[in-house]
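Asks: predicted model and sequence follow; I will ask about them next.
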Amino acid sequence: MTAFLLKSTSQSWTFPAVGSKSSEQSDRSTRVISSSSSPVGSLMDSMSQKYHQINQAFEELRILTQDTENDLRKLQHNQEYFIIQYQESLRIQAQLSSLATLPPADRQLREPSLLSKRATVEAWLTREANTLQKYRLGLAEKHQKTLALLRKQQTVILDDELIQWKRRQQLAGNGGPPEGGLDILQSWCEKLAETIWQNRQQIRRAEHLRQQLPIPGPIEELLTELNSTITDIISALVTSTFIIEKQPPQVLKTQTKFAATVRLLVGGKLNVHMNPPQVKATIISEQQAKALLKNENTRNDSSGEILNNNCVMEYHQTTGTLSAHFRNMSLKRIRRSDRRGAESVTEEKFTILFESQFSVGGNELVFQVKTLSLPVVVIVHGSQDNNATATVLWDNAFAEPGRVPFIVPDKVLWPQLCEALNMKYKAEVQSNRGLSEENLVFLAQKAFSSSSVNPEDYRNMTITWSQFNRVNTLLALNHCTELNDLTINKQQIRCLLRMVWNLMPYTTKDFSIRSLADRISDLNHLLFLYPDRPKDEVFSKYYTPPLSKAVDGYVKPQIKQVVPEFTTPNPDPAANPTYMDHAASPAVNQPHAYGLYPPIGDPMLDADGDFDLDDTMDVARHVEELLRRPMEGQWSGQQS
């Protein structure tokens, strides 16, 4: 007779509870995004098509998973009926064995019937065993197809969409637009997690059925392979979706508080929050980061000490997110490596390593997860900020996805750098209006030590990192930021004005004594904001208010800007006027009120009488913004 080995087991598998955001909500949010209108029509059409393809693949996965679920239930039902019939064959065999104790006449009477029943049952068991084997093989082949599609879908989401999001996050560090799209990515990752887990449980149930009823054949090897594949897929999903939602500052000053946020995109779906994991932050060097990615033993080395570097991940029910928000980290000390050649401390790159351990399925699977921040440059003094920012800007602009930490090209085309500087500039001045062609020529002259004013001369030139860093192009960019479109050369200025006086440049000390607006008010010969707006119309709201009556008989002396060459007590109104030869404006031509008013503090000084650079620069930037607009039209008109 055919023998079958039966084995019972008490193992059971359950699906993890779903997160607070349903699949329907995720679909709806995706549809809203993909159908929204935008001026960039072709880009939105491309995104809409991409989202449609992703959602279409999810629908196909849903259908395949439901199909294998139905097949698995059918297989379980057939196997249960098979076991019942097998038990019947065992009962018949027991009856035949008991005939030996009966008298020969009784045995001959009952034996033929039992033998016939046994033959019929065994023939059915043989056929059904082959059918069950076919069902098992067919189910395994369907799971292979599902896992292949799962891998493809996961590659699109993790290796394409998530990598693009990380790239947008890096460019945002240079002033690019916000990276956005993380909630959509989470909804996709949660769908992946749900589908992967359902298929994993199906494979485990198929393995359980095989253990209950072992039938010789290749199914055991196939199920082992499927289980290994699905575990690899879910492992890649969990480790790849442990991301830094809010990056730490890339120019990091010691003894200064900073923050960062890490997030697990599939945490809610896989019930990771049921046993809240703890995340640890460590600062490591570029070499340590390389060793870490090569899975080399780093002996848990760090390159410094971060205070408040442990945080427990919290699940936010309303958003369905699992994240850890480090609010009060501080880099207490840094240990630097031996620098190469002339490399300065502001060129040395570090990174913040975030690591944790997640348990999935009631400790059924345990994952060690790690993620690295964007490169950070550690400084100890504000004077290092510009050079450190230059290092970060170059890295953010020209880093390639999947690079070895933190390799960047040594040289790039000048237009590529212009694009990065333009992005930084627009973020600094908080305007959609970027650097003008004159600004870019000004920067090129600084970078290449050139006197050419022709933009075409720089189109095909390359600039090296050492050139960019040596001339400190960021300081020149700051000059553009502060002066906006006034970074034009003297020849251009002389074309715009009939007569020019070159005043000595103001310094921070000058502005601490008398604000820019008041200095403009003091100079009686400065009458118009180019080309024809009265200066008081523009600047009067920034003037220091008139002094009121003195207290206790004392008055504070008043300081005013005087340029000897401009001093003309009684300008001749009949003379041929120029921009510098008009009568003083009424708001400026006020009588001196000696001893009549008490002192009123300069609005650019704080309560202790110290100079407030930020306030003064706000005024200066506003002034230059006003000066910029008409000049732009005039200059562009001349250019054309």
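Replies: Arrived safely. Just so it is clear, the structure is predicted and the values come from calculations on it, not from any experiment.
Asks: would you mind pulling the contact partners of stretch 296-310?
Replies: 278-285, 288, 291-292, 326-337, 350, 352, 378 (CB atoms under 8 Å, 6 or more residues apart in numbering). (C-beta placed from N, C-alpha, C; glycine too.)
Asks: tell me which other helices or strands the helix or strand containing Lys426 touches.
Replies: For Lys426, the host element (DSSP states H and E) is helix 414-429. Here helix 414-429 touches helix 385-398, helix 437-448, strand 462-464, helix 473-483, going by 3 or more CB pairs under 8 Å, 6 or more residues apart in numbering; DSSP states H and E.
Asks: how about that helix: buried residues?
Replies: Across helix 414-429, burial judged by 16 or more other CB atoms under 10 Å covers 414, 417-427, 429.
Asks: do stretch 125-135 as well
Replies: Those would be 125, 128-129, 132, 135, for stretch 125-135 by 16+ other CB under 10 Å.
Asks: check stretch 318-328 too.
Replies: 320-324, 326.
Asks: over to stretch 396-407?
Replies: 396-399, 405-406.
Asks: so which pair among these is furthest apart in space?
Replies: Spatially, the most separated pair among the buried residues of stretch 396-407 is Ala397 and Pro405, at 16.5 Å (CB to CB).
Asks: mind giving me the packing neighbours of the helix or strand hosting Phe258?
Replies: Using DSSP H and E, the secondary-structure element containing Phe258 is strand 257-264. In terms of contacts (3+ CB pairs under 8 Å, 6+ apart), strand 257-264 is packed against strand 242-246, strand 321-334, strand 350-360.
Asks: let me see the mean pLDDT of the first one.
Replies: Here strand 242-246 scores 97 as its mean pLDDT.
Asks: give me the contact list for it.
Replies: 162, 166, 182, 259-265, 323, 325, 354, 356, 358, 369-371, 373.
Asks: and the residues you listed, which are buried?
Replies: 162, 166, 182, 260-265, 323, 354, 356, 358, 369, 371, 373.
Asks: neighbours around Gln164, how many?
Replies: 14 (other CB atoms under 10 Å).
Asks: give me phi/psi at it?
Replies: phi -60, psi -40 (degrees, to the nearest 10).
Asks: cool, and Ser303?
Replies: Dihedral angles (degrees, to the nearest 10) for Ser303: phi -110, psi 20.
Asks: which residue is the nearest non-sequential neighbour of it?
Replies: Ser285 (4.6 Å; CB to CB, 6 or more residues apart in numbering).
Asks: repeat that for Ser337.
Replies: Closest to Ser337 by CB to CB, 6+ apart is Ser285, at 5.4 Å.
Asks: re the thing from before, for the helices and strands packed on helix 414-429, give me TSV that also has distance to Gln153 and mean pLDDT.
Replies: As requested, these are arranged in TSV below (distance: least, CB to CB, whole Å; pLDDT from 0 to 100):
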stretch	distance to Gln153	mean pLDDT
helix 385-398	30	94
helix 437-448	44	88
strand 462-464	41	95
helix 473-483	43	60
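Asks: just send these back as a markdown table, with distance to His273 too.
Replies: Listed next are the helices and strands packed on helix 414-429 as a markdown table, based on distance: least, CB to CB, whole Å:
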| stretch | distance to His273 |
| --- | --- |
| helix 385-398 | 33 |
| helix 437-448 | 50 |
| strand 462-464 | 49 |
| helix 473-483 | 43 |
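Asks: report the contact partners of Ser180.
Replies: That one is not Ser; residue 180 is Gly. Arg168.
Asks: I'd assumed it was in a helix, is it?
Replies: No. Counting by DSSP: H, G, I helix; E, B strand; the rest coil, Gly180 is not part of a helix but coil.
Asks: distance of it relative to Ser187?
Replies: 14 Å (CB to CB, to the nearest Å).
Asks: next, the buried residues of stretch 308-315.
Replies: For stretch 308-315, by 16+ other CB under 10 Å, it's 309, 311, 313, 315.
Asks: for stretch 503-520, same thing?
Replies: 510-520.
Asks: straight-line length of that stretch, end to end?
Replies: Stretch 503-520 has its terminal residues 12 Å apart, counting by CA to CA, to the nearest Å.
Asks: this completes my enquiry, with thanks.
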